[in-house]
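In: Below: sequence and its predicted model.
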Amino acid sequence: MTAPTGNGISRRGVIGTAAAVAAAGWTAGSGTAWAAPRSPEGAEDVYERMARAAALRWRRLPGDWKDGPFLGNGLLGVQVYRGATANSLKVMVSHSQVQDQRPQWRAPYGFSRLPIGHFDLTLAGEVTGVDWTLDLWDAELRGTVTTTRGSVRFSMLVHNARTALLISTRPSAGEETAAWSFTWLPAISPREKDKPADYTGNPDPRTGSAGATHYVEQPLIAGGGWTTAWRERRVGSGRLLAAHIVYGFPEDLSRTTQRAVTEVGRTLSADPDDLVRVHRAWWHRFYRRSLVSVPDKRIQDFYWIQLYKAACATRAGGPSMSEWGPWYPETGGSWSAVWWNLNVQIATWLIQGSDHPELDSVTSTFKSFEKYLPQSVPPEYQDGATYALAHPSDWMLRPGAKTVGIPGTSTKTDNNGNLIWAMHNVWLSYRHSMDVSIVRDVLYPILVKAVNFYDHFLYEGSDGKLHLPLTRSPEWADATDCTYDLSLIRWGCATLLDCLRILRTDHPRAGRWRETLQRLVEYPRDETGINIGAGKPLTESHRHFSHMLWLFPLHELNWDRPSDRDTIRTTFDHWVKDRSLWAGYSYAAASSMASLTERPEDALDFLTYFTDGNVIKNAWMTPNTMYVEGGNLAVESPLTAAQSVLDMVVQSHGGVVRVLPSVSRRWPDVSVQALRTQGAFLVDADRSDGRTRWVRVHSEVGAPLVLDHGIDGAIDVRDERGRRLRHRETGPGRIEIPLGRDETAVVLPRGTDPDLRARDVPAVGDAKPWGLPD
């Protein structure tokens, strides 16, 4: 590697113009592009058709992250939009591991996500038009940029396995001088709120080159840093840009640079067709894991885009999902870390029902970084038996100079329940897979210490009940006997007792968990339903549903129980009455809650109000399905709205698998395939003309199956070979089927023999593509 050519004196490292930079063995005209996507005649299936139909399209030049295309692989993120001049395009690059390393400050500064920079395509003429397609099926952006001098055709992807940005371009006559450059951004936290007085940014980077590969080497004050390296190969009129970002801490930055340069060389030494074949194969397998088709094609496309977005944003074994996913907002970047008081939890729900455990970064994060949880506990309670989780943290659960505070004192925060709520996501991972190792290795050991945090503060009141001192219901009010905390304590203790049964073990504190369940004070309530806390009714709009976790997602109170219905109905109706301060995720949660309470029309209304892009106070969903709140980028609200779709078509809380339980009468047809439920069941079903035609359930582990099938009239229950299966009716439309491991049941209206294949159901109404298609 050659010595750097500069020392941070220029923010632009321009790629050389000339001659081909070709690896040995490349022939002229090769190595700068890859084959266009093509399915063999007749090979395109319903999964491919639906994913391709959901493609985002641009006929207008996007202005920034709010309306531009986005790509990613859980680490490297890319956004494409208007450049700084009329003759340029910007490709913003970012990486979910790139952060600061200064724990003397809170995570938004001390462990802040940091900007990297952008590649700029400078054109000969001014941009006059674009024709772009973000093809979900191939996870690839393709199209043409037209200028006053000509045009440039391009294909772009973030390689799934190599974490490389690849951009193939082919300029027309008049645009032969189109050239890429890279502009680095200062490595400073973009957050301004509560900025430490002694905060300073990191030093400027060093620019350099190693042979034909250019790089920008960004040091951190704390040591280590990252390197952005790139090279463009030119052969004839074809060009291929490859770029890598490598982050290292605390290793020497020169080694990081060497790795980045080496990675660029490896990528460009490979046949582009081979690289792209591997990339596409992963995404094609991804989309074939499950299917949801509904007649509102705008909603259907939205759902498939959220699957794409989730796979761009996070992966099992990778960083937990920050507010931005892997992307970096050039503006609107207040949430520069990982928020655990709602955001991570709700953003990752959809990976369960859609059958994508390969995206479960929550479980893998806690398995890998449990050792940092004591850092969130106030020093007085760091006894080796207590865990907590402050927000925000970095992707390794480190909070920096922040703890959850002490209930009943001026240090209390809205963080107390974060860790138990996160453990509920881990519990869902167990329940949907029935993988006992999740309980043994992650959930149980952490939940024991998370529940123990609250046990430091529970006290016996004059009524003989266990009470909590002053805590905070996130984003609304302080209260004693705060419903948010009480609901998490109840769920935590009950789940620990379940863990003992699952693991066939005991624990010295099991008696205390049982006692807590028996003696914990009831939720404060009045004529408006369950309150925020003692003496603290909900008196104004509340965007966070923190006082309703007992309904969703914890399902402690259950609509199946008639005795719970009045409480659920009254509390829910009171919450939704005033929506003036709601956020996008409030509508998504309200939709899911309406689905739980047999209100399918309300569920669809809440969902469509949000996905239609209505401005909600200072928040809205953007044309590319990103989300703006207070001008800031966030990803959780659209992702949890995809869970709202899943709650309409399959539910599995309370030991019952419910099929098509909350489908609006405006959706006469629905088709689902391989949706995963608690108990490790995979559910297929079809609705036509407003009636459920058939249901198929496959059991992976042989867990007890109680099925709400939703089929009117007499039914047949058969295996996949048509043989009758034993079953027992336990209520209207509800049966028990003793399915063993790897067995399947098909439930049909008696005497019918329908086609059991997945389908893309007929559309109701028109639906324009997402993006800027006009």
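Out: Sure thing, it's come through.
In: Report back the residue of the chain that's furthest from centre.
Out: residue 462 (45.0 Å; C-alpha atoms, centre = their mean).
In: Can I take it that that one is in a strand?
Out: No. Counting by DSSP: H, G, I helix; E, B strand; the rest coil, residue 462 is located in no strand; its state is coil.
In: biggest helix in the protein by residues?
Out: Secondary structure of the chain per DSSP state H: the longest helix is helix 483-503.
In: Would you mind giving the secondary structure of residue 711?
Out: coil.
In: tally of neighbours for the closest residue to residue 464 other than its chain neighbours?
Out: Once flanking residues are discounted, residue 464 sits nearest to residue 519: 7.1 Å by C-beta to C-beta, 6 or more residues apart in numbering. Glycine gets a C-beta too; all of them are placed from N, C-alpha and C. By other C-beta atoms under 10 Å, 15 other residues sit near residue 519.
In: Chain neighbours aside, what residue packs nearest to residue 319?
Out: Closest residue to residue 319 apart from its sequence neighbours, by C-beta to C-beta, 6+ apart: residue 395 at 3.6 Å.
In: that older thread, let me see the contact set for the residue farthest from the centre of the chain.
Out: By C-beta atoms under 8 Å, 6 or more residues apart in numbering, the contact set of residue 462 is empty.
In: Quick check, pLDDT for it.
Out: For residue 462, the model assigns a pLDDT of 97.
In: Check residue 23 too.
Out: Looking at residue 23, the pLDDT reads 29.
In: thinking again about what came up before, can you verify my assumption that the residue nearest to residue 319 contacts residue 323?
Out: No. The criterion here is C-beta atoms under 8 Å, and residue 395 misses it with residue 323 at 11.6 Å.
In: and the residue nearest to residue 319, helix, strand or coil?
Out: Applying three-state DSSP to residue 395 yields a three-state assignment of coil.
In: Can you give me the neighbour number for it?
Out: Counted with other C-beta under 10 Å, residues neighbouring residue 395 total 23.
In: and it, what does it touch?
Out: Per C-beta under 8 Å, 6+ apart, neighbours of residue 395: 96-97, 99, 319-320, 322, 338, 365.
In: do residue 113 as well
Out: Taking C-beta under 8 Å, 6+ apart, one finds 94, 96, 98-99, 189, 322, 324, 328, 333, 336-337 in contact with residue 113.
In: In contact with the nearest residue in space to residue 676 that is not next to it in sequence, which residues?
Out: Distances taken as C-beta to C-beta, 6+ apart place residue 355 nearest to residue 676, at 4.1 Å, with adjacent residues excluded. If a contact means C-beta under 8 Å, 6+ apart, then residue 355 has 289-290, 674-676, 682 as its contacts.
In: Neighbour count and secondary structure added to those residues, as CSV?
Out: Converted to CSV, these look like this (neighbours: other C-beta atoms under 10 Å; DSSP: H, G, I helix; E, B strand; the rest coil):
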residue, neighbour count, secondary structure
289, 18, coil
290, 22, coil
674, 17, strand
675, 24, strand
676, 25, strand
682, 18, strand
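In: Can you redo the residues you listed as TSV, where the extra columns are distance to residue 234 and pLDDT?
Out: Listed next are the contacts of residue 355 as TSV, based on distance: C-beta to C-beta, whole Å; pLDDT from 0 to 100:
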residue	distance to residue 234	pLDDT
289	39	98
290	42	98
674	45	98
675	47	98
676	47	98
682	49	98
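In: Out of these, which comes closest to residue 401?
Out: The closest of the contacts of residue 355 to residue 401 turns out to be residue 676 (C-beta to C-beta; 40.1 Å).
In: picking up where we left off before, need the overlap of contacts for residue 395 and residue 323.
Out: Taking C-beta under 8 Å, 6+ apart as the contact rule, residue 395 and residue 323 both touch residue 338.
In: where does residue 80 fall, phi/psi-wise?
Out: Note on residue 80: its backbone torsions stand at phi -130, psi 130 [degrees, to the nearest 10].
In: quick one: pLDDT of it?
Out: Residue 80 carries a pLDDT score of 98 in this model.
In: swap in residue 579?
Out: For residue 579, the predicted pLDDT is 97.
In: And for the one 3 residues further on?
Out: In the prediction, the pLDDT value recorded for residue 582 is 97.
In: rewinding a little: the contacts of residue 113: which two are farthest apart?
Out: It's 96 and 189 that sit farthest apart of the contacts of residue 113, by C-beta to C-beta, at 15.5 Å.
In: Compare those two (neighbour count), which wins?
Out: Neighbours per residue, other C-beta under 10 Å: of residue 96 and residue 189, the larger number sits with residue 96, 29 against 26.
In: could you list every residue that touches that one?
Out: Per C-beta under 8 Å, 6+ apart, neighbours of residue 96: 74-75, 77, 113, 314, 318-319, 322, 325-326, 395.
In: How about residue 387?
Out: Residues in contact with residue 387, defined by C-beta under 8 Å, 6+ apart, are 370, 373-374, 376-377, 419, 446, 449-450, 452-453.
In: let's go with 10 Å and repeat that
Out: For residue 387, the contact set (C-beta atoms under 10 Å, 6 or more residues apart in numbering) comprises 366, 370, 372-377, 397, 404, 419-420, 423, 445-453.
In: In helices, which of those appear?
Out: Filtering those for membership in helices, criterion DSSP H, returns 366, 419-420, 423, 445-453.
In: Please identify which helix or strand holds residue 267.
Out: Residue 267 is part of helix 253-269, with elements assigned from DSSP states H and E.
In: Quick check: next helix or strand after that helix?
Out: From helix 253-269, the next helix or strand downstream (DSSP H and E) is helix 272-287.
In: related to what we said a few turns ago, including distance to residue 528, could the ones in helices among the contacts of residue 387 go into a markdown table?
Out: Below are those laid out as a markdown table (distance: C-beta to C-beta, whole Å):
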| residue | distance to residue 528 |
| --- | --- |
| 366 | 36 |
| 419 | 30 |
| 420 | 26 |
| 423 | 30 |
| 445 | 39 |
| 446 | 35 |
| 447 | 32 |
| 448 | 36 |
| 449 | 35 |
| 450 | 30 |
| 451 | 29 |
| 452 | 33 |
| 453 | 30 |
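In: From those, pick the one nearest residue 762.
Out: Relative to residue 762, the closest of these is residue 423; by C-beta to C-beta it sits at 42.3 Å.
In: Could I get the full set of strands for the stretch 51-200 of the chain?
Out: For the stretch 51-200 of the chain, the strands defined by DSSP state E, counting those that start in this stretch occupy 56-58, 70-72, 76-82, 88-95, 117-122, 127-135, 140-147, 151-158, 165-171, 179-184.
In: Of all those strands, which one is nearest residue 208?
Out: Checking the strands of the stretch 51-200 of the chain against residue 208 by C-beta to C-beta gives strand 179-184 as the closest, at 12.2 Å.
In: what's the spacing between the closest one and its chain's center?
Out: Strand 179-184 sits 30 Å away from the centroid of its parent chain (C-alpha atoms, centre = their mean, to the nearest Å).
In: low pLDDT regions in the protein?
Out: Scanning the chain for pLDDT under 70 picks out the ranges 1-30, 40-43.
In: domains for it, by residue range?
Out: 12-18+48-191+199-288, 349-558, 658-749 (automatic domain parsing).
In: And the longest helix of the chain, how far out from the chain middle?
Out: Mean-position distance between helix 483-503 and its chain equals 25 Å (C-alpha atoms, centre = their mean).
In: just stretch 393-401 next, same as before
Out: In terms of C-alpha atoms, centre = their mean, the centre of stretch 393-401 is found 19 Å from the chain centre.
In: Convert the C-alpha atoms of whichever helix or strand residue 591 is part of to CSV, please.
Out: Element membership for residue 591, per DSSP H and E: helix 584-596. The C-alpha coordinates for helix 584-596 follow below in CSV (Å, rounded to 0.1, in the frame of the first residue of the first chain):
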residue,chain,number,x,y,z
GLY,A,584,-47.2,7.1,12.9
TYR,A,585,-46.6,4.1,15.1
SER,A,586,-49.7,5.1,17.1
TYR,A,587,-51.8,4.4,14.1
ALA,A,588,-50.0,1.1,13.4
ALA,A,589,-50.6,0.0,17.1
ALA,A,590,-54.2,1.1,17.0
SER,A,591,-54.7,-1.0,13.8
SER,A,592,-53.2,-4.1,15.5
MET,A,593,-55.3,-3.5,18.7
ALA,A,594,-58.5,-3.1,16.6
SER,A,595,-57.6,-6.4,14.9
LEU,A,596,-57.3,-8.0,18.3
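In: Brilliant, that's me finished.
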